[in-house]
Structures are given as C-alpha cells and as structure tokens.
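Engineer: only the shape, not the letters, is given here:
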Ligand code: 5RP
C-alpha cells in the first residue's frame, strides 16, 4: 500500500468514533482530508463540525457539512487529527501544516483526541521531525535565540503566514525525551503563541495505518 492509501484507511477508520447527532472537531492535513471525505458519507447523521483551519473549513463546506465557530460550542465528543510524529506515550509533534494553534485549541475542548497516522509517523523519540513553533512576527528572532539556548536549531519557515497572521519557526536537532517539560518551557518564552508539542494533551486513541491493516492504540 502507498502512504496515501494508509492515510485513506485511517481516515475511514476514524468514522467509527463519530457519535450520530454530534459536533465533530476536525484537524488539518492530508490524512484529515481523507477523514473529511469519509465524513461526507455521514453528513446527514452529524450536527456540524468545528474546524482547525481555513483549509479544512473550505473542504467541509464543499461537502455540505456546516462549520460552527468554536465559541458557539461548549464541548466536543471527539477531535480527529493527524500528526507529524507520535510516540508510545501518545505524545505528538504537530504543525507541519502550520495549523498547530487552532488544532491545540479545538483539541482542548474535545473529550477524546483521535490521532490518525500512517506507520511512518510512529517514532520511539520525538524530534526527528523539526518542531514547529508559532510566533508573533516581531518576536521571531528573539524566540529563535531562546530556542537555540534549549539546544535546538530554529529555522524560519519563510513565506508561511498562519491563519492567525503569525510566523513559524521549525526547530531542528531536538531529541525530545521529556516532552511535557519541553512543552511547558517553550510555552513560557515571550512571543511564542503555540508550540507544536502535544504532550500535556496527547492523543486518547491512535489509529495507525500499516500494511497489515489499521492498528488501534488506546
Ligand atoms: C497540521 C498538522 C498535521 O496534522 C500534520 O502536519 C500531519 O499532516 P499530514 O496528515 O498531511 O501528514 O499538524 O498543522
């Protein structure tokens, strides 16, 4: 199976976590795009979606799925999203698609985070994928210097402006053994909007696409 077929399989498998009549939290990325397509098949069975990006909102609306403002929603049963890396502790690196801030906000409201990934994303230690950090534009160089003090090599993702009007630094050369601690430390740097470490709020369920089928971890 190709990587895209594995992404399609987990996108489809996530449907079993959707409660009829519920409002669904929807992430961002190529794996989630498959989930959105699959969700289209049950659009009459759900109330609406809350989206983590302008890109996902456009896809949901194209399929006729209503998209609500998160401020009008008190709770979500599930949030379905991909990841750039996930470890055995269900901690993740996210933000390869620059949507990390809204992803973290929607995930915070959801009772369960369903992570959908192909097997290439499963790693023993987080950090081979450069860690995305969303920053206020005027703080970019200051934050970069602070991140370098933590042992990383931050690179500005030039040309990318997030849905919130901010910049992204991708931090290379990290080997993240204490993900919760690093998440707290980076969150504490003035000018950081969001770090793409999802450790304090990790995944509750991981659906991993493998050549043998979809593996479920809870
Ligand atoms: C976007 C994300 C995505 O979930 C992550 O980049 C994985 O994307 P893909 O499913 O395309 O591999 O965090 O900000």
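Structural biologist: Thanks, I have it. A quick note: this is a predicted structure, and the numbers were derived from the prediction, not measured.
Engineer: and stretch 130-150, what's its mean pLDDT?
Structural biologist: For stretch 130-150, mean pLDDT rounds to 98.
Engineer: give me the contacts around it.
Structural biologist: For stretch 130-150, the surrounding residues in contact (Cβ atoms under 8 Å, 6 or more residues apart in numbering) are 84, 93-96, 98, 100-101, 152, 154-157, 162, 164-172, 174, 176, 182, 185-186, 189-197. Every C-beta, even on glycine, is put in place using the N, C-alpha and C of the backbone.
Engineer: again with stretch 25-39
Structural biologist: With Cβ under 8 Å, 6+ apart as the test, stretch 25-39 has contacts from 4, 7-8, 10-12, 14-15, 18, 24, 46, 49-53, 55-56, 59-60, 63, 65, 76, 78-82, 96-97, 99, 102-103, 106-107, 109-110, 116-118.
Engineer: just to revisit the earlier point, can you narrow the contacts of stretch 130-150 to ones near the ligand?
Structural biologist: Restricting those to those near the ligand by Cβ under 6 Å from any ligand atom leaves 84, 94, 95, 96, 98, 100.
Engineer: please name the residues that touch the one residue sitting closest to the centre of the chain.
Structural biologist: In the chain, the centroid-proximal residue (Cα atoms, centre = their mean) is residue 94; its distance is 4.7 Å. Applying Cβ under 8 Å, 6+ apart to residue 94 gives the contacts 81, 82, 83, 84, 100, 103, 104, 132, 196, 198.
Engineer: which ones among those are found in helices?
Structural biologist: With helices taken from DSSP state H, the overlap with the contacts of residue 94 comprises 100, 103, 104.
Engineer: of those - the most surrounded one?
Structural biologist: Most neighbours among the ones in helices among the contacts of residue 94, by other Cβ atoms under 10 Å: residue 103, with 32 neighbours.
Engineer: in this protein, mark out all the strands, start to finish.
Structural biologist: Along the chain, counting by DSSP state E, strands occupy 23-26, 48-51, 67-68, 76-81, 85-86, 92-93, 110-118, 131-135, 153-156, 167-172, 192-195, 197-198, 205-210, 213-217.
Engineer: and the angle for the fourth one with strand 110-118?
Structural biologist: Here strand 76-81 runs at an angle of 20 degrees relative to strand 110-118 (axes from the mean of the first three to the mean of the last three Cα atoms, to 10 degrees).
Engineer: sheet partners, orientation included, of strand 76-81?
Structural biologist: Here strand 76-81 is paired, per DSSP bridges, with strand 23-26 (parallel), strand 110-118 (parallel).
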